[in-house]
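# Got a predicted model here, sequence first, then my questions.
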Amino acid sequence: MKAVVYDAPRSWAVREIETPPVGPGEVRIKIDQVGVCGTDLHIHEGDFNAVFPLIPGHELVGVVDALGEGVDRFRVGEQVTVNPNVFCGQCDYCLSGRLILCDNAKGLGSNYPGFFAEYVTVSHLLVFSVEGLPKDTAVFSEPAACAMHGLETLDLRPGSSALVLGAGPTGLLLAQLIASGGASSVTVAAPSQFKLDRATELGIDAVVRLERDDTDGNLARLREASGGRGYDVVVEATGSTKVAELCVPLTRNGGTVLVYGVTRPDELVSYHPFDVFRREITIKGSFAEMTSFGAAIAALRSGRARTDGIITHRFSLDEYGQALDTLAHDPTCHKVVIVP
């Protein structure tokens, strides 16, 4: 089969490799589409605990090609997706049921072979049926699961006002889930007008256009949009430390900041600890997911999380380099998918 194979950070090639066999308890999937996301850019640089050599890719929709011995939950030809996150089941966190905190968590596409290939073989325990969903919706199962975990982490108080900083695909999924999860209003802010237009089309209550490198101006615009009150929930969904500095000042007394975007491990954000202390601000993190796939697929099926029009670019495996470059640099890009 054909696959994208990295030997080391930034060193990759599209190669012909052996199609993976199917062992007991496994499912082999013929891959139809794979989403490319910001995490893949981090992995390209060797970040995100990537282990090389590696086939990256972690957002999949495909069909069952073969079933290993003992697997009876699926049928050949069924449309499926895969949860790429794997917990060890043996550390203190796993044994106490807090799987997302697993000391030894691994990922398909970062530690184990991922999905930028024509086929993949995985444990049947990681496979979920998305039969009947359009492929352009089903390919968002993994980012929707991350967004669902973000909603679960927020423990949203009914009637809360929410601000999501960032209008990328996963930010828009989270904004929609917050809206259907009990918020009274949801505002999305970003510098890209076409992404904000997409947010409006997906039913977001209000949008605010930000100006790059204008922290004070952005703070003023967002305060004005809230009527001067601020927001009960502020989500940082860009991975930009400059944007993250807006979060605490925009959060209402007793409110919550959710760190949802991915930064580099060495980056820092500053805030006034007295402000957090005096106003009893809660700062939470939301990292990927372990157990949110079923709920996310249900939200996609029901339309509570919509993906209409988010995919803007499609590339083949042979065009993988162009796909990365488009995601990183093309201002008209929203979501990129690889179609093997």
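Cool, got the structure.

# With the flanking residues excluded, which residue is spatially nearest to D318?
Using Cβ to Cβ, 6 or more residues apart in numbering and skipping residues adjacent in sequence, the residue nearest D318 is V14, 5.6 Å away. To be clear about C-beta, it is placed using only N, CA and C from the backbone, and glycine gets the same treatment.

# Give me the neighbour count for the one you found.
16 (other Cβ atoms under 10 Å).

# Pop out the phi and psi values for it.
Main-chain torsions, V14, degrees, to the nearest 10: phi -90, psi 120.

# Against Y320, how distant is it?
6 Å (Cβ to Cβ, to the nearest Å).

# about what we covered before: please name the bridge partners of the residue nearest to D318.
Counting by DSSP bridges, V14 is bridged to V4.

# Now the common contact residues for V14 and Y320.
V4 (Cβ atoms under 8 Å, 6 or more residues apart in numbering).

# Quick one: classify P24 as helix, strand or coil.
Following DSSP: H, G, I helix; E, B strand; the rest coil, P24 is assigned to coil.

# coming back round to it: could you verify my assumption that the residue nearest to D318 touches M1?
No - taking contacts as Cβ atoms under 8 Å, V14 lies outside contact range of M1: 11.0 Å.

# mind checking how far stretch 103-123 is from the chain centre?
The chain centroid and the centroid of stretch 103-123 are separated by 16 Å, computed with Cα atoms, centre = their mean, to the nearest Å.

# how about it: buried residues?
Using 16 or more other Cβ atoms under 10 Å as the test for burial, stretch 103-123 gives 105, 107-111, 113-123.

# quick one: the strands in the stretch 101-250 of the chain?
106-107, 119-123, 127-129, 161-165, 185-190, 206-209, 231-236 (DSSP state E, counting those that start in this stretch).

# Report the rounded mean pLDDT for the first one.
It stands for strand 106-107. For strand 106-107, mean pLDDT rounds to 96.

# Can you give the strand pairings for that strand, parallel or anti for each?
Strand 106-107 pairs in its sheet with strand 85-86 (antiparallel), by DSSP bridges.

# secondary structure class for the nearest residue to I29 once chain neighbours are set aside?
Excluding the flanking residues, the one nearest I29 by Cβ to Cβ, 6+ apart is G62, at 4.2 Å. Under the three-state scheme (three-state DSSP), G62 adopts strand.

# So G62 versus H313, what's the distance?
20 Å.

# follow-up on the earlier one: take the strands of the stretch 101-250 of the chain and write them to JSON lines, including distance to Y93.
What follows is these, written out as JSON lines (distance: least, Cβ to Cβ, whole Å):
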{"stretch": "strand 106-107", "distance to Y93": "14"}
{"stretch": "strand 119-123", "distance to Y93": "20"}
{"stretch": "strand 127-129", "distance to Y93": "23"}
{"stretch": "strand 161-165", "distance to Y93": "28"}
{"stretch": "strand 185-190", "distance to Y93": "31"}
{"stretch": "strand 206-209", "distance to Y93": "38"}
{"stretch": "strand 231-236", "distance to Y93": "24"}
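
# mind checking which of these is nearest L154?
Shortest distance between L154 and these, using Cβ to Cβ, is found for strand 231-236: 6.2 Å.

# got the angle for that closest one vs strand 161-165?
Taking axes from the mean of the first three to the mean of the last three Cα atoms, to 10 degrees, one finds strand 231-236 and strand 161-165 inclined to each other by 20 degrees.

# Could you check how far V186 is from G228?
Look at V186 and G228: by Cβ to Cβ, they are 18 Å apart.

# Which one's more surrounded, the two?
Remark: of V186 and G228, V186 carries more neighbours, 27 against 7, as counted by other Cβ under 10 Å.

# That one contacts S180, doesn't it?
No - in this structure V186 lies outside contact range of S180 using Cβ under 8 Å: 9.6 Å.

# could you pull out the helices for the stretch 151-300 of the chain?
169-180, 193-201, 215-225, 241-244, 247-250, 273-279, 293-302 (DSSP state H, counting those that start in this stretch).

# can you put those helices in JSON lines and add distance to D155?
Below are those laid out as JSON lines (distance: least, Cβ to Cβ, whole Å):
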{"stretch": "helix 169-180", "distance to D155": "12"}
{"stretch": "helix 193-201", "distance to D155": "24"}
{"stretch": "helix 215-225", "distance to D155": "23"}
{"stretch": "helix 241-244", "distance to D155": "21"}
{"stretch": "helix 247-250", "distance to D155": "17"}
{"stretch": "helix 273-279", "distance to D155": "18"}
{"stretch": "helix 293-302", "distance to D155": "15"}
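
# Nearest to T263, out of these?
Across the helices of the stretch 151-300 of the chain, T263 has its closest neighbour in helix 241-244 (6.1 Å, Cβ to Cβ).

# List the buried residues of that closest one.
Quick answer for helix 241-244 (16+ other Cβ under 10 Å): 243-244.

# Compare G62 and H313 (neighbour count), which wins?
G62 (28 against 18).

# Which strand residues bridge that one?
I31, V80.

# doesn't V80 make contact with it?
Yes - the pair G62 and V80 qualifies as a contact (Cβ under 8 Å) at a distance of 6.4 Å.

# Could you name every residue contacting both of those two?
I29.

# Let's see the pLDDT reported for the residue most central in space within the chain.
Closest residue to the average C-alpha location of the chain: P143 at 3.4 Å, with Cα atoms, centre = their mean. Here the pLDDT value assigned to P143 is 98.

# Fine, thanks again, bye for now.
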